[in-house]
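S.K.: below are the sequence and a predicted model for it; my questions follow.
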Amino acid sequence: MVALKLIDTVGSGIRRMFIEQRKRFFPLPDYVIEPEQQRVEVRIAGRILSEQYIHGLMQQPDLSLMDVLLLDKVQKRLLISADDARTLRARKLIEGRTPNIHVSAKVAQVMGEQAQHTLNKGLDSAYYRELVLQHLRNFTVCKREELEAVLRSKLPDVLSDAQKRNRVKNLLADLSRRNLIAPERKGPGARWRLVPQK
């Protein structure tokens, strides 16, 4: 790091490290500071996740160094504090619910990552409801696992498998409350079908 002029032997602090990394379009380091153990851990990514992303961030004059650091963390899918998330959300730089936050449409457009933004954000709930209803129109009755298979690839990329299963569960509950579908019986192995509409 001395040879790369990222630090000097006297040391000029964490701030200089971030500024130099940013100037050179290097991935930004992540610090874990544990005062009670008098310990600081530095994690430096071995590769740039998206060169276009980093270059785009650096060219935005309205972004402070702290904004860039936080957006870099969001891009790496690392957690940020609730206060930081609130600040970025108020400035329309991020979207989504914690812990599944992602950069906003505004940032994605500047970065040229519109497609990834749509995959992260997911689609309107009406779209998912229609997929379930169309599947049941085609096949009359099916298990929840089958509906999960239909929806899994359509749900946002930022969701884990467990979160996707939970999203399907909530979607089925919503459709059931709307009296559009109903299980043939309760419990494991329940099979879903359309409710005849008057």
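M.R.: Thanks, I have the structure now.
S.K.: on the C-terminal side of the worst-scoring helix or strand of the chain on mean pLDDT, identify the next helix or strand.
M.R.: The weakest-scoring helix or strand in the chain, judged by mean pLDDT, DSSP states H and E, is helix 51-58 (a mean of 64). Following the chain from helix 51-58 toward its C-terminal end, the next helix or strand by DSSP states H and E is helix 65-75.
S.K.: buried residues, that following helix. List them.
M.R.: Buried residues in helix 65-75, counting neighbours by 16 or more other CB atoms under 10 Å, are found at 67-75. To be clear about C-beta, it is placed using only N, CA and C from the backbone, and glycine gets the same treatment.
S.K.: and what of stretch 123-130?
M.R.: Applying 16+ other CB under 10 Å to stretch 123-130 flags 128-129 as buried.
S.K.: and stretch 88-99, by the same measure?
M.R.: Using 16+ other CB under 10 Å as the test for burial, stretch 88-99 gives 88, 93-96.
S.K.: need the contact partners of it.
M.R.: Residues from elsewhere that reach stretch 88-99 (CB atoms under 8 Å, 6 or more residues apart in numbering): 67, 70-71, 74, 79-80, 82, 85, 101-107, 120-121, 158.
S.K.: hmm, try it at 7 Å
M.R.: For stretch 88-99, the external contacting residues (CB atoms under 7 Å, 6 or more residues apart in numbering) are 67, 70-71, 74, 79, 85, 101-104, 106-107, 121, 158.
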